[in-house]
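Enquirer: Curious how this folds, go ahead:
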Amino acid sequence: MEHTFLLKADWNGGRNSDGRIEAGQLRTAISIPAEMGGPGVGTNPDEMLLGAAATCYLITLAAMMERASLPVAALALESEGIVDVTNNIFTYRRIVHRPRVQLAADASESQIEQALRLTEQAETSCMISRAVAGNVALSTEPVVKRASSSEI
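Expert: I've put the predicted structure just below:
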């Protein structure tokens, strides 16, 4: 079985112009980010790659934890994309996911260990991670705590 995703785009000029994309529920303006000498209108490929990797990772992790019947009280994620610019060549170097998992106050030590393992496994199970593997370094820096622990 295959799934097809369709994106339509319009662009208003040269390099420093802007455009719009539509793909399913995604409808947004696009341009080169201001940090890279563009107009900074809407989103950009760098943010979208990071967004795709982060949301895929988060959804995969949530599904894996649900299948494992872990008592998840809260799940949050911060992801960072690092782009190198050398000789005016832009290269997406790495993505770091920092999941914060809060389990129920009565979670066992083995459930905490399992949650930690799943934070690593989700990276290799995510479709987007598999698509960029070998080109972009991927890593996780998880924090897993019980609900009675200080805020995560």
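Enquirer: So, low pLDDT: which residues of the protein?
Expert: Applying pLDDT under 70 to the chain flags residues 149-152.
Enquirer: Would you map the strands across it?
Expert: Remark: strands assigned in the chain by DSSP state E are 8-11, 19-23, 26-30, 72-86, 89-103, 137-140, 143-146.
Enquirer: The second one: which residues count as buried?
Expert: So that's strand 19-23. By neighbour count with 16 or more other CB atoms under 10 Å, strand 19-23 contains the buried residues residue 21. C-beta coordinates here come from the backbone N, C-alpha and C atoms, glycine included.
Enquirer: Ok, the third one next?
Expert: By neighbour count, and taking 16+ other CB under 10 Å as the criterion, the buried residues in strand 26-30 are residue 30.
Enquirer: Report the backbone C-alpha coordinates of that strand in PDB.
Expert: Taking Å, rounded to 0.1, in the frame of the first residue of the first chain, the C-alpha atoms of strand 26-30 are listed here in PDB:
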ATOM      1  CA  LEU A  26      -0.900  22.900   5.800                       C
ATOM      2  CA  ARG A  27      -1.400  26.400   4.200                       C
ATOM      3  CA  THR A  28       1.300  28.900   4.700                       C
ATOM      4  CA  ALA A  29       3.600  31.600   3.300                       C
ATOM      5  CA  ILE A  30       7.200  30.700   2.600                       C
END
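Enquirer: Pull up the gap between the spatially most central residue of the chain and residue 122, please.
Expert: The chain has residue 54 as the residue nearest its centroid, 0.9 Å off, counting by CA atoms, centre = their mean. Distance from residue 54 to residue 122, counting by CB to CB, to the nearest Å: 11 Å.
Enquirer: just residue 4 next, same as before
Expert: For residue 4, the distance to residue 122 (CB to CB) stands at 25 Å.
Enquirer: of these two, who's got more company?
Expert: A count of neighbours by other CB atoms under 10 Å puts residue 122 above the other of residue 4 and residue 122, at 24 against 4.
Enquirer: Quick check: that one touching residue 66?
Expert: No: between residue 122 and residue 66 there is no contact under CB atoms under 8 Å: 11.9 Å.
Enquirer: Can you check which helix is longest in this structure?
Expert: Taking DSSP state H as the criterion, the chain has its longest helix at helix 45-67.
Enquirer: If anything else comes up later, I'll come back, but that's it for now.
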